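In: Need a 3D model of the following:
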Amino acid sequence: MAGRKFEFGRDIIGRATVRFDYDPRMVAAIKRLVPSHHRSYDPDTKVWAFSWWYQEDVKQAFIRIEMDDEFAASEGYAHQQRQQARTSASNAPVALVDAFTSLFQLLPPGLAPKARTALVRALHPDTGGDLEAAKALNIAWDRVGEAVAA
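Out: This next block holds a predicted model:
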């Protein structure tokens, strides 16, 4: 299995086989893609066998798992996460950010945090609110929150 975490083959009756170091995601992929009556596992040889027509789907799933591992291990993953965070924040409508910033600055001290809490509840996507408006609210609070929360 040089270079790869898995090795495909055929058994003597023509079924596809795969051997790999234990990875619960790979086991889950086999169980998700191959019905139980079309697969078997031999604990002595540590080989999964299944009907040949599932081989390509299983192979593609294994390759995706392997690629995810390689990408996550690379510096590129951390960089992508930082880029996505910056892009998400910069996509918030500027007019909304400015409006929320002005609102927080105009409210009497002590009332701004309560207003923010109410707005978060109303605008949060998990409660049916608008994602862009919630982003704008968070950016505005990041700008002035400490100053107006006193």
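In: where does this protein dip in pLDDT?
Out: Within the chain, the segments meeting pLDDT under 70 span 1-4, 72, 74-92, 149-150.
In: list the contacts for residue 111?
Out: By C-beta atoms under 8 Å, 6 or more residues apart in numbering, residue 111 lies in contact with nothing. Every C-beta, even on glycine, is put in place using the N, C-alpha and C of the backbone.
In: how near is it to residue 120?
Out: 15 Å (C-beta to C-beta, to the nearest Å).
In: Same check on residue 131?
Out: For residue 131 relative to residue 120 (C-beta to C-beta), the value is 13 Å.
In: I'd assumed residue 5 was in contact with residue 20.
Out: Yes: Residue 20 is within contact range of residue 5, at 5.5 Å (criterion: C-beta atoms under 8 Å).
In: residues near residue 63, how many?
Out: 12 (other C-beta atoms under 10 Å).
In: Okay, and it sits in which element?
Out: helix 55-73 (DSSP states H and E).
In: hmm, who's touching that helix?
Out: 4-6, 8, 16, 18, 20, 23, 25-26, 29-30, 32-34, 50, 77.
In: Report the buried residues of the strand or helix carrying residue 120.
Out: Per DSSP H and E: residue 120 is located in helix 111-123. Using 16 or more other C-beta atoms under 10 Å as the test for burial, helix 111-123 gives 112-113, 116, 119, 123.
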